[in-house]
Structures are given as C-alpha cells and as structure tokens.
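With the input below, show me the fold.
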Amino acid sequence: MLVSTFLDQLKARCAAKSDDEKQTLVLDLMSEDAKAGLDAAVAVRHQELIHSLQNLWDKYGVTLKELWQDRGSLYERFAACLPRLGY
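Residues are numbered from 1 along each chain as shown. Presented below is the predicted three-dimensional model:
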C-alpha cells in the first residue's frame, strides 16, 4: 500500500516538473521513506536495550542499604578473625 501510494504521488507530481525537479522529488521521497524505516528500527533497538538493562538491574541491582549491611557483616567477620591471626 505504501509503495502504491508513493508511485501514485510520484506520477502526479512528475508530470509537471523538469528533469532536475523530478530527480530532487524522488530523492526527497526516498529520503523520507528511509528515515521512517530507520526511525522505526532505532525505536525497536531502543526498547530492546531498555529491556536488557532492566533485566540486568533485576538480576544484579543492589541498593546502597544492602551494600552497607553486607559491609558491616563482613567487617564483623574480619574483626573476629584478627585475634586468631595474632592482630
């Protein structure tokens, strides 16, 4: 459908244009079509990237509170080992 609309519009506009104007018109229309396709592809990739980052965050994300709690418990275990090591 998009191609047939494109061809109909091209034929109608080309009838009254010079060769240079026809070339410019075709290049503009092709540019618009290419841009629309690229924009759609970028949008899809953008959503894929967001989804991947969300999955990584869900798998590896740690809050600062959790880090401080883990640091505290590791410090306590380390401090308990020091006397046994003679420190």
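
got the end-to-end distance for stretch 13-22?
The distance separating the two terminal residues of stretch 13-22, taken as Cα to Cα, to the nearest Å, comes to 8 Å.

what does that stretch rub up against?
For stretch 13-22, contacts defined as Cβ atoms under 8 Å, 6 or more residues apart in numbering pick out residue 25. C-beta: built from backbone N, CA, C; applies to glycine.

Run the chain-centre distance for it.
Here stretch 13-22 is found 39 Å from its chain centre; the criterion is Cα atoms, centre = their mean, to the nearest Å.

cool, and stretch 45-63?
Worked out by Cα atoms, centre = their mean, stretch 45-63 lies 12 Å from the chain centre.

Quick one: distance of stretch 59-75 to the chain centre.
That offset, for stretch 59-75, works out to 30 Å (Cα atoms, centre = their mean).

Rounded mean pLDDT for that stretch, please.
Mean per-residue pLDDT for stretch 59-75: 89.

next one: stretch 5-19
Rounded mean pLDDT across stretch 5-19 is 83.

okay, residue 53: pLDDT?
As predicted, residue 53 sits at a pLDDT of 95.

Also residue 40?
97.

same deal with the one 10 residues further on?
Predicted confidence (pLDDT) for residue 50: 97.

Just the element for it, please.
Assigned by DSSP states H and E, residue 50 falls within helix 19-60.
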